[in-house]
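Participant: Provided below for reference: sequence and predicted model.
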Amino acid sequence: METSSDAIEYTVHDYSSYSTHFYPENILVDDPSNSKSRWTTQQSEAVHWILLRLNKLSVLKSITFGKVSSHPCNMKEFKVYVGMTPENMTEVLHSSLKNDPIRETFSIRHHNSTGHCFPTRFVRIEPLTVFSPSYNTSIWHISLTGIINEVSVEEVKEDYDRFRETRVMQHILKHLRQRRLLTPFNSILTQSGVRLEHPLITELYESVVLTGNWDKAENILHDMSAAGLFDQCLKSSDPRAVWREIHATDANGDIPSVRGGHAMCIDTQRRYIYLFGGWDGQTSLADFWRYDIKEQRWVVLSANTSLESNGPGPRSCHKMVYDSKTNSIYVLGRLDDQDRPTSRAQTRNPESAGSPGFNRSSGAADETPTLSSRPMPSSEFYRYRCEDNTWEHLDIDVNGPRTIFDHQMVMDSEAQILYVFGGRAAEKDYDYSGLHSFNVRMKKWSLLQYVYLSCKTNFFIQFSLMSRATDSTIPSRFGHSMILEPTTRQLYILAGERDEKFLSDMYTYDIATNTATEVFSDFTSSGGPQPCFTQRAVIDPTLQEIYIFGGLIHDRATLSESSNWLYRYPSRPGKWQKIQPLKGLHKSPTPSSSSPQITANPPSRFAHQVVYDLPSKTVYLHGGTMMDPDSAKLREGNDGQTEEAPMKRLSDFWEMSLWRLSSKELIRRSAYLIRQQRFKEMCETQAPVQSLIYLQNQISEVVNHDDPNETQLFRSLLTHLLINSSPISTIPSAIETESPRNNYARDAKPQIDSSLLKISTGNNSDQLGHPGRLQSGLGSVHISSEPLPDLSSQNRTDTKIQTSEDPYERKLHPTENSPSQECFVQRTKTFEAILEFVADDVKQPAGSLLELVDVDADLL
């Protein structure tokens, strides 16, 4: 299929309203010089929208909003919908615009959850908010791009139609099977050739629902795991943070002192972490440390690097990266005692130039320097050779950055290129810095992207070679995060501060093409963290995840309580989720060193440092600055000036790993569901003593007794020895004692001896019903991030359409009785509860045909 994008022509098909001469058709014309060239809504309308009709069927891939200038009527938050008809549309974008004159382009989702590309004929834009609530919403210009080639679009349409036809048939098959109409189910399945599910899922259905072959069903779980059917659930599950404070020292019992604004890097091959400099609240530091991860020992490489030959002096807010190819460390930037700003608050806290109280305004900041007129101070660029413990002072040419602070730096060791972005000059004007690269082999700097110097007017001023900001330029900033994705060779740049404003945007920079793309204009509105400053980020390219830790949030005085985040980027724009701490464990009967030891979590902070050990998938965090617990917000001084809240510098050292669901854990949860159903049926057909023994042993061994929900559910199962009609997962307030109702031969069932009604909640995971199968899955750490499915509230499958066995069931077990309708329904719920752990593309579709029927109509 053709993947290139072309301009898509459209007309305005409909709209909610418009004001005076600000007609909807104005968005067709891109005329920045005309203040009337815009569509403006009427303020009286509750919902505003405009509907565009594409001139021909297309695959919409992006939408661009043109602008004129910052204006209170400019649209801020909005949604975009697409569809083949105006009555049936799907949301494909929810984002927001900046209030500036720069046009913004957004990628449009054009694949569904199964990866099928879909065409569209109509596009609906809904403005949600405006920059000034008292103004009507305005859109100045809209342009669309995507696939318009008729052959390519027809291929997309045919593929999507086939997908929809298949999905309809799958829903029909699911509906028939739920209603026990197995003969027509198998007939349609055979004649249509539609694949409803993976063959192992079909085997599981027959074992659980049709034959009640419980041992076989549990064995199938292991086959499903080996076939990768649980992989999607494992990857999408919420990880939990396991923190451990490290109390290692050097040979003399010393550790790096309290500090913030220091620098760290890691040698993952030799398992070394390097730490240099920082600010202790009184002075800049120049000590250089190394932590040996294997030996768990600190070593002082230099108590004062300024005394070393060619060594760097005291500093904070610098950056340090490790080059694995040459076993060297590069240090760039500085904010030392000579660079302290005039602000009284910042004099006390230079490790965070964006902390409350720092005055960055200066008359020089509004001037427009050129490459020829800007001063070239002494270089603050160093290389440390780890093999011989020597320093080298490197030069920075005219294409390199000035002496900067609070920038970011990453190293591409394979290409031997170092990248630097953002930061501010440690000089009088505090100008922002752009995107630079340093070729290690050639010892040459390059200026890759110019810098915005000011955004206090309606346009951005830049260095001389660019007269106006472009769509592919990343706004400069400081106190941000930057990570290198080594596989795609892209830089991820996010958050930070610019012009007294904390940011919540994210950009990628493609190294090969020298182009930047905005991923989020406001990731907070997309479920991400709040706008933040001096947060730290690391990347795991094997999992395609970025981890963000700490930072100041938007009110410039507080720290976020949920300050740790995970960002998954396999598909654009990616997904955000908070990293919550691990709160409970299912302790192994034989504790091992591999079992996570939960300790207190580190307090929220900023100006700290983190590194990531990829082989062990462990984050290391050190130091930083935290607000005084007794005064976490800004206060007014006696002179009426706003003062900085008291701060505390830290010297603590932590490691963090992420606990994730394992396939063994999903097998355990599934086995628990199967054994619940088996126990319920045993209560109906076997002696109470046998059922009780099964509950005490076979079910108890697959229960996470450290999870209150599972433990309570386990205890409630006892009621089925007394009340056979209770749903498995119903948790009664007390054990009822009235006589049980038996659908079979109640008079033949002996009475239960109350002395036997004792259930052990200990962990018997070393004794399993199927040695060699479940045993390996229950001797490890277990935690339920959410309770097991409530079988009493699953998709309703009970119906009066089919109340007796289907002829197909008789073929499966000609000599045995088929399950009752009530039993069939309960078994189906158990089966579908297990499917919650299975990948979407190998199981029956979610939802029900009943949900497609309108409440007031008989038609779909």
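Facilitator: That came through, no problem.
Participant: Direction included, what does the top strand by length along the chain pair up with?
Facilitator: Counting by DSSP state E, the longest strand found in the chain is strand 50-66. Partners of strand 50-66 in the sheet, by DSSP bridges, are strand 10-15 (antiparallel), strand 104-107 (antiparallel), strand 120-127 (antiparallel), strand 141-147 (antiparallel).
Participant: got a list of contacts for the last one?
Facilitator: Residues outside strand 141-147 that contact it (Cβ atoms under 8 Å, 6 or more residues apart in numbering): 1-8, 10, 27-31, 37-38, 52, 54, 58-67, 103, 108, 110, 123, 125, 153, 156. Every residue, glycine included, has its C-beta placed from N, CA and C.
Participant: Return the distance of that strand from the chain's centre.
Facilitator: Centre-to-centre, strand 141-147 and its host chain are 29 Å apart (Cα atoms, centre = their mean, to the nearest Å).
Participant: What of the shortest one?
Facilitator: Here strand 104-107 shows a centroid-to-chain-centroid distance of 21 Å under the convention Cα atoms, centre = their mean.
Participant: and that strand, average pLDDT?
Facilitator: Averaged over strand 104-107, pLDDT sits at 85.
Participant: quick one on the thing from earlier: mind listing the strands the next helix or strand after the longest strand of the chain pairs with, and their directions?
Facilitator: Next along the chain after strand 50-66, taking DSSP states H and E as the criterion, comes strand 77-85. Take DSSP bridges as the rule and strand 77-85 pairs in its sheet with strand 88-96 (antiparallel), strand 120-127 (antiparallel).
Participant: Show me which residues of strand 77-85 are buried.
Facilitator: Within strand 77-85, the residues scored as buried using 16 or more other Cβ atoms under 10 Å are 77, 78, 80, 81, 82, 83, 84.
Participant: what pLDDT does the last one get?
Facilitator: At residue 84 the predicted local distance difference test score is 95.
Participant: which residues touch it?
Facilitator: With contact set as Cβ under 8 Å, 6+ apart, residue 84 has these partners: 119, 120, 121, 122.
Participant: hmm, 6 Å instead?
Facilitator: Contacts for residue 84 were tallied using Cβ atoms under 6 Å, 6 or more residues apart in numbering; they are residue 121.
Participant: hang on, the earlier thing: and the strands paired with strand 77-85 as TSV, adding distance to residue 846, mean neighbour count and mean pLDDT?
Facilitator: Shown next, in TSV, are the strands paired with strand 77-85 (distance: least, Cβ to Cβ, whole Å; neighbours: other Cβ atoms under 10 Å; pLDDT from 0 to 100):
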stretch	distance to residue 846	mean neighbour count	mean pLDDT
strand 88-96	16	16	90
strand 120-127	24	21	96
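Participant: which one of those lies closest to residue 511?
Facilitator: Evaluated over these, closeness to residue 511 peaks at strand 88-96, with 25.6 Å, by Cβ to Cβ.
Participant: Return that closest one as PDB; C-alpha atoms alone will do.
Facilitator: Output in PDB follows, covering the C-alpha atoms of strand 88-96 (Å, rounded to 0.1, in the frame of the first residue of the first chain):
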ATOM      1  CA  ASN A  88     -21.100   6.900  12.400                       C
ATOM      2  CA  MET A  89     -17.800   8.500  13.400                       C
ATOM      3  CA  THR A  90     -14.800   7.500  15.500                       C
ATOM      4  CA  GLU A  91     -12.600   9.700  17.700                       C
ATOM      5  CA  VAL A  92      -9.000   9.700  16.300                       C
ATOM      6  CA  LEU A  93      -7.400  12.700  18.100                       C
ATOM      7  CA  HIS A  94      -7.800  14.600  21.300                       C
ATOM      8  CA  SER A  95      -5.200  17.300  21.800                       C
ATOM      9  CA  SER A  96      -4.700  21.000  22.200                       C
END
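Participant: Find out how far that strand is from the centre of the chain, if you would.
Facilitator: Using Cα atoms, centre = their mean, the offset of strand 88-96 from its chain centre is 20 Å.
Participant: got the buried residues for stretch 267-280?
Facilitator: Across stretch 267-280, burial judged by 16+ other Cβ under 10 Å covers 267, 268, 272, 273, 274, 275, 276, 277, 278, 279, 280.
Participant: scratch that, stretch 221-240 is what I was asking about
Facilitator: Buried, per 16+ other Cβ under 10 Å, within stretch 221-240: 221, 222, 224, 225, 229, 230, 233, 234, 237, 239, 240.
Participant: What distance separates the opening and closing residues of it?
Facilitator: 25 Å (Cα to Cα, to the nearest Å).
Participant: Ok, stretch 473-492 next?
Facilitator: OK, stretch 473-492 end separation, Cα to Cα: 13 Å.
Participant: With stretch 498-511 instead?
Facilitator: Stretch 498-511: ends 24 Å apart by Cα to Cα.
Participant: Give the rounded mean pLDDT of that stretch.
Facilitator: Rounded mean pLDDT across stretch 498-511 is 90.
Participant: For it, which residues meet the burial criterion?
Facilitator: So for stretch 498-511, counting by 16+ other Cβ under 10 Å, buried means 498, 502, 503, 504, 505, 506, 507, 508, 509, 511.
Participant: same thing with stretch 306-316?
Facilitator: 308, 311, 312, 313, 314, 315, 316.
Participant: Just say helix, strand or coil for the fourth one.
Facilitator: Spelled out, it's residue 313. coil (DSSP: H, G, I helix; E, B strand; the rest coil).
Participant: Show me the helices in this protein, by range?
Facilitator: Here the chain has its helices, by DSSP state H, at 150-178, 182-192, 199-205, 214-226, 231-236, 344-348, 663-685, 688-694, 708-716, 807-812, 821-834.
Participant: coming back round to it: in JSON lines, list the strands paired with strand 50-66 along with distance to residue 837.
Facilitator: Shown next, in JSON lines, are the strands paired with strand 50-66 (distance: least, Cβ to Cβ, whole Å):
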{"stretch": "strand 10-15", "distance to residue 837": "44"}
{"stretch": "strand 104-107", "distance to residue 837": "31"}
{"stretch": "strand 120-127", "distance to residue 837": "34"}
{"stretch": "strand 141-147", "distance to residue 837": "36"}
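Participant: Of those, which is nearest residue 848?
Facilitator: strand 120-127 (26.8 Å).
Participant: Contacts for the closest one next, please.
Facilitator: 48-54, 57, 60, 75, 78-84, 86, 89, 137.
Participant: between the strands paired with strand 50-66, which one is nearest to residue 649?
Facilitator: Distance to residue 649, taken as Cβ to Cβ, is lowest for strand 104-107 among the strands paired with strand 50-66, at 40.1 Å.
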